[in-house]
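> Starting from these lines, generate the structure:
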Amino acid sequence: MAISITAKVEGFRRCGVVHSMAETRYPEEWFTEEQWAILRAEPMLIVREAPDSPAATLSDSEKPAKRKG
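Numbers count the residues shown, from 1 in each chain. The predicted model follows:
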């Protein structure tokens, strides 16, 4: 299962990532459980489960850089 994140405002930042108004899918292991809780609670983001599809989920080279901590 992948997680889809869509920002309500282009360039909104949360958990060290600049989020887009275009849907972006991440594998569940991309963020920590604590980060997922923060992202799901953020009213400026739409976070939902999405079917895992290689074509729809970001490849490692396309993913924004993860910030440690």
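
> all strands for the protein, in order.
Applying DSSP state E to the chain gives strands spanning 2-7, 12-14, 17-19, 24-27, 45-50.

> Output the ones you listed in TSV, with mean pLDDT appended to each entry.
Below are the strands of the chain laid out as TSV (pLDDT from 0 to 100):
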stretch	mean pLDDT
strand 2-7	95
strand 12-14	97
strand 17-19	96
strand 24-27	93
strand 45-50	94
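
> Out of those, the one nearest residue 34 is which?
Comparing the strands of the chain by their distance to residue 34 (C-beta to C-beta), the top pick is strand 12-14, with 12.4 Å. The C-beta positions use only the backbone N, C-alpha and C, and glycine is treated the same way.

> The closest one packs against which elements?
strand 17-19 (3 or more C-beta pairs under 8 Å, 6 or more residues apart in numbering; DSSP states H and E).

> Give me the distance from the strand it packs on to the chain's centre.
Centre-to-centre, strand 17-19 and its host chain are 8 Å apart (C-alpha atoms, centre = their mean, to the nearest Å).

> partner strands of it, parallel or antiparallel?
strand 12-14 (antiparallel) (DSSP bridges).

> Show me the contact partners of the partner strand.
Identification of contacts with strand 12-14 by C-beta atoms under 8 Å, 6 or more residues apart in numbering yields 18, 19, 38, 39, 42, 44, 45.

> Tell me the one of these nearest residue 30?
Checking the contacts of strand 12-14 against residue 30 with C-beta to C-beta, the nearest one is residue 39 at 10.3 Å.

> Show the buried residues in the contacts of strand 12-14.
For the contacts of strand 12-14, a neighbour count by 16 or more other C-beta atoms under 10 Å gives the buried set as 19, 39, 42, 45.

> Which residues are in contact with the residue nearest to the second one when sequence neighbours are not counted?
Spatial nearest neighbour of residue 39, excluding adjacent residues (C-beta to C-beta, 6 or more residues apart in numbering): residue 47 at 5.2 Å. Applying C-beta under 8 Å, 6+ apart, one finds that residue 47 lies in contact with 3, 4, 5, 36, 39, 40.

> Is the residue lying closest to residue 11 once chain neighbours are set aside bridged to anything, and to what?
Closest residue to residue 11 in three dimensions, ignoring its sequence neighbours and counting by C-beta to C-beta, 6+ apart: residue 18, at 5.5 Å. Note on residue 18: beta-bridge partners by DSSP bridges are residue 13.
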